[in-house]
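Student: Make a model of this:
(2 chains, ligands or ions: 2)
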Amino acid sequence: MTDTAIATPRRIGDNDALVARRYRAERRFKFYGIAAIAVTAVFLMLLFADVLVKGLPAFTEHRLTLPIKVDQAAIDPQNSKDPKIIRTGDFDSPIRRAFRDLFPEVTTRGDRKKLMGLLSSGAADDFRAMVMRDPALIGQDAKVPVLLSDDADQYLKGRQTGVEKFPGQGTMTVTPEGEQFKLTSDGVALPSPGDIIRMNGGAFRVLSLSNAALLAEQVMAPKTPAPAASGAWDIVRFTVPENNRRIDDQEALWLEHLKEQGIAESNIAWRFFTSGDSREPELAGIRGALMGSILTLLVTLFLCLPIGVAAAIYLEEFAPKNRFTQIIELNINNLAAVPSIVFGLLGLAMFLNFFGLPRSAPLVGGLVLALLVLPTIIIASRAALRAVPPSIKEAALGVGASHQQAVFHHVLPLAMPGIMTGTIIGMAHALGETAPLLMIGMVAFIVDIPTGFTDAATALPIQIYLWSDLPEIAFQSKTAGAIIVLLAFLFVMNAAAIMLRKRFERRW
Amino acid sequence: MDAMIKTPVAPSAPRIAREKPLKIKARNVDVYYGDKHAINDLSIDIPDSAVSAFIGPSGCGKSTFLRSINRMNDTIPSCRITGNVEIDGRDIYDKTLDVVQLRARIGMVFQKPNPFPKSIYENVAYGPKIHGLAKNKAELEEIVVTSLKKAGLFEEVKDRLDHSGTSLSGGQQQRLCIARAIAVNPEVILMDEPCSALDPIATARIEELIDELRQNFCIVIVTHSMQQAARVSQLTAFFHLGNLVEVGDTDDIFTSPRDKRTQDYITGRFG
Ligand SMILES: Nc1ncnc2c1ncn2[C@@H]1O[C@H](COP(=O)(O)OP(=O)(O)OP(=O)(O)O)[C@@H](O)[C@H]1O
Ligand SMILES: [Mg+2]
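Tutor: Ligands and ions are numbered 1, 2, ... in the order given. Okay, the predicted model is just below:
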C-alpha cells in the first residue's frame, strides 16, 4: 500500500461510476425479467386465443324450428303413453316431410336427397326425446327443434365461406339462351363472375359478362320467368369458391333462405356436455369422456390419498433413518421423474396381462394413474409435514403425547392444507395424462357413457386426441372445445389448490 | 418416597439439598451428538419443591442436560446418552419405562413460546384429555381454569378461551405454555430460557409465577440472566464446555463461588 492511499482513504460515495454501473446492471436485469415475462405472456395469450377461437363454436349449434303435427298413428297408435312404445315410433318421416314442405320447388330425387342431407342423421332424436318427456304432445301441433348436419352448421357459423349480399338495382330480365341464360339489368352495379343472382325464387350463377348482359347458368329454377323489379332480386357472393367447400352453392342458398326466414337459429349446444362420442360431429359430445375421466380420477384419488399420505407420514416421522429407507426415498423421487408411458406399459403388463383386469376400464386407468401420481403426493405430503415447525411436535411430546399422538393430533392437521394442495395438483396432473391410458386401451371409439368402473371408457385428453385425428372441420372445433373444458377443469383445480394454500396459510 | 428422603446427603452438599427431599439424581451422565461430546461426566442432585437454575455460557450443554431429564433428546436421532438419571429413585432410561408417561410427569416449557395453533382452551385441555385426567367436560373445564389461574393468565383470557393460542402476546403465550404444562399436574417442570423472548414486565410476571409454583413442583430453569437465577432459584449449577463446574446454594454461588470460571462468568468476564 502506498502512503497516499493511507493518507486519503477512499470513502463510500466517492465512486459515482461504480454506483452508476450498479444502477445500469440492476436496470438491465429488471428489463430481462420483464422481457421474459412478456414473451411468456404473449405465447400464453396466443395459445388461449387460438384455442378459444377454434373451440367456442363447439358450444353452439344450429337448429331449425319446424312446426310438426305429432301424429298419433305414427307414434303411439294404441294411445298407450308407454315410453317404450313411443320410443319406437316414427319420428323421422314427419321431420322430413315438414322440412321438404319448406322447399316446395325442390322436386327431383337428387335435389331432395341433397336437401335432406342438410339435416343431421340424428335430427329425430330431439323430437323423440321431446315427445317422450311430454306424451301429452301426441296429437298436438308442436314446434320441434331439428338439428342440422355438421356441414350445414359449419356453413351457418361462417366457417365454410364468407357471404356478401347486395340488393339488386334496376329491373332484372332473364332470357334463355340455349343451356344458359342471359340476364340483363338496367341498373348500375353489376355482379362479377361466380356471383349468384337470386330472383323469383330461383338462382343463377354468373358465368361471364358481356356488355350490359350477363351469361349465367341456372342453379335453382325460378317460379316465373317474369322480370324482377329493383329490390326483388339480389346478388349473393361467396368468398370461397364452390370447389373448396363442403356445402355447394345450392345448399348454401337453401341455408341462406332458412336463415333469412328465421327458421335456422344458433343455440347453445348442451348436447356437447350431455352426449357421448359419435361419428357425426354434430351429435358428438364429451359426456362419455368426462365420465371416464371422473371415474378414473376417483379410483386414483381413493388409492393415492390414503396410500400417499400414509407413506409420507411413515417416511417422514417414523421410518428409521437407515440405508434402506434412503434407497426408498431416492426411488420415490426417481419414480416422480419416470416418463408416464412407462407407467402405461407397466399397467398393461401387470393389471391387464397378469391380473386380467378388463381393458379400457376406468379401474385400470385409475390404477395406472395412481402409480403415476403417488410419488408426487408422497413428495408434496412430506414437504407439508416437514414444514410444520418441530416446536409444535415438541410441545405435544412435552405434555406427554406419544409420538404418534403428536403426529396425528398436531402435525398432520397442520400439514393437511399442504397435502391437499399437493393432491389436487397431482390429480390435475392425472387429469391431463394421456400416454399411459393409451397403453391400457382407453383409446377407443366408445359411444356409451360409462357408468361403472369396469365399463369401457375413454378420458378427456384421449377424446381430444381421438377427435384431433378426424378430418371433419366440425371435429376440429369439437377438439378445441374439449380442450377448453379440460383447461377449465385444470384451472378450477389449480385455483382450489391456491385457495386452500392461501386460506390455511398459518403464521406460527 | 421414603427411600428418597432417607438418601444420605453429604455434609458438604448444598443447604437446600439437605432441607428438601431429593427429586432428580444424575450420575456420570455423558451426552453425545454423533461425535460431539456435549455433556461430560455430569453428576448432580436436584431437590424437590425448589427452583434449580442452570447457568453458563452459550453452547455449554444446559439445554442438552435439561432435555436429558425428560428424554426429549430421544427425538434427536444422533443423540446418545450414557450414565444414570433417576427421578424419585427410578432410572428414567430403564428399558421398561414408558417414555410417554415419563414426559407427562415432567412438564417442559420451551425457550420460544410454542402454543398449539388451536384455541386457548384446547391448548390447556389437550394434555388432560390424552391422559384421561378428566372424567367429563365439567372436570376438564375445571382443570383448564385452575391451570390458567395458576399460570396467572386466566383473568386476561377468560372471555376468549376459544381464541387461537397464537393470537396472544409473547408473554401471554409463554404463560399459556406454562398453564399447558401444569395442567397434567407434573412433578417436575423443566424450563429452557422461558423468558428469553419476553420484555421485563412479562419476565417479572413469570418469575413471580415460578416462585409460586415452587411450593408444589420441582422446577429446573435454564437462564442466561444472572439476576434471574439469583432472584428465582435456590440451587444454581454452573456449566462450562459440557462440564458441570460448580453447583451450590444460589446465595453461595453468587457471593462466594469456589471455581475461578464461575467467578469470571458471574462477574461478566466471559460468556
Ligand atoms: N441436535 C444437535 N445436534 C448436534 N449437536 C448439538 C445439537 N444440539 C446441541 N448440540 C451441540 O451441543 C452443545 C450443547 O448445546 P446446548 O443446546 O445444550 O447448549 P446450551 O447450553 O443450551 O446453549 P444456549 O445457552 O445457547 O442455549 C453445543 O455445542 C451444540 O452445538
Ligand atoms: Mg439452550
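
Student: rest of the way, CA atoms for contacts and neighbours
Tutor: Will do.

Student: Tell me how many other residues surround the residue in chain A positioned nearest to chain B.
Tutor: Of the residues in chain A, the one nearest chain B is A:G400, at a distance of 4.0 Å by Cα to the nearest Cα. Using other Cα atoms under 10 Å in any protein chain shown, A:G400 is surrounded by 30 other residues.

Student: Provide a list of residues in contact with A:A311.
Tutor: Going by Cα atoms under 8 Å, 6 or more residues apart in numbering or on different chains, A:A311 touches A:I378.

Student: ok, and for the helix or strand hosting A:V144, which residues are buried?
Tutor: Take DSSP states H and E as the rule and A:V144 turns out to sit in strand A:141-147. By neighbour count on 16 or more other Cα atoms under 10 Å in any protein chain shown, the buried set for strand A:141-147 is A:A142, A:V144, A:P145, A:V146, A:L147.

Student: Do I have it right that A:I332 meets A:L372?
Tutor: No. Taking contacts as Cα atoms under 8 Å, A:I332 lies outside contact range of A:L372: 10.8 Å.

Student: More neighbours: which of these two?
Tutor: A:L372 (28 against 16).

Student: Distance check, the more buried one against A:M427.
Tutor: With distances taken as Cα to Cα, to the nearest Å, A:L372 is found 10 Å from A:M427.

Student: just B:C60 next, same as before
Tutor: Separation of B:C60 from A:M427 (Cα to Cα) stands at 50 Å.

Student: Who has more neighbours out of these two?
Tutor: Between B:C60 and A:M427, A:M427 has the larger neighbour count (other Cα under 10 Å), namely 26 against 20.

Student: and the gap between that one and B:D30?
Tutor: For A:M427 relative to B:D30 (Cα to Cα), the value is 51 Å.

Student: likewise B:I201?
Tutor: B:I201 sits 38 Å away from B:D30, going by Cα to Cα.

Student: Those two - which one has more neighbours?
Tutor: B:D30 (21 against 10).

Student: check which helix or strand covers that one.
Tutor: B:D30 belongs to strand B:22-33, assigned by DSSP H and E.

Student: What pLDDT does the model give residue 178?
Tutor: Unless you meant another one, I'm taking chain A. As predicted, A:G178 sits at a pLDDT of 79.

Student: that's the wrong chain, I meant chain B
Tutor: For B:I178, the pLDDT comes out at 90.

Student: Could you do A:G187 as well?
Tutor: 68.

Student: what helix or strand is the nearest residue to B:N73 once chain neighbours are set aside on?
Tutor: Leaving aside its sequence neighbours, B:N73 sits nearest to B:R67 (Cα to Cα, 6 or more residues apart in numbering or on different chains; 5.7 Å). Under the criterion of DSSP H and E, B:R67 resides in helix B:62-69.

Student: Can you give the distance from that helix to the centre of its chain?
Tutor: From the chain centre to the centre of helix B:62-69 is a distance of 9 Å (Cα atoms, centre = their mean, to the nearest Å).

Student: does it come close to ligand 1?
Tutor: Yes. Legend: contact between helix B:62-69 and ligand 1 by Cα under 6 Å from any ligand atom is shown at B:K62, B:S63, B:T64.

Student: how many other residues sit next to the residue nearest to B:N73?
Tutor: Quick note: B:R67 (other Cα under 10 Å) scores 17 neighbours.

Student: same check, this time on A:S210
Tutor: 8.

Student: and the gap between B:F65 and B:V29?
Tutor: Per Cα to Cα, B:F65 is found 9 Å from B:V29.

Student: Confirm B:I81 sits in a strand?
Tutor: Yes. Read with DSSP: H, G, I helix; E, B strand; the rest coil, B:I81 is one of the residues of a strand.

Student: So what sits opposite it in the bridge?
Tutor: B:V31 (DSSP bridges).

Student: could you point out which element follows the strand holding B:D30?
Tutor: From strand B:22-33, the next helix or strand downstream (DSSP H and E) is strand B:36-47.

Student: what's the helix holding B:R67 packed up against?
Tutor: Counting contacts by 3 or more Cα pairs under 8 Å, 6 or more residues apart in numbering or on different chains; DSSP states H and E, helix B:62-69 is packed against strand B:36-47, strand B:188-192, strand B:218-222.

Student: So which residues on the stretch 101-250 of chain B come close to chain A?
Tutor: Counting by Cα under 8 Å from any Cα of the partner chain, the residues of the stretch 101-250 of chain B close to chain A are B:101-110, B:114-117, B:127, B:130, B:166, B:180-181, B:184.

Student: which ones are touching residue 72?
Tutor: Reading this off chain A. Neighbours of A:Q72 in contact, by Cα under 8 Å, 6+ apart: A:N79, A:I138, A:G139.

Student: oops, I was thinking of chain B
Tutor: Residues A:E394, A:L397, A:G398 are the ones in contact with B:M72 under the rule Cα under 8 Å, 6+ apart.
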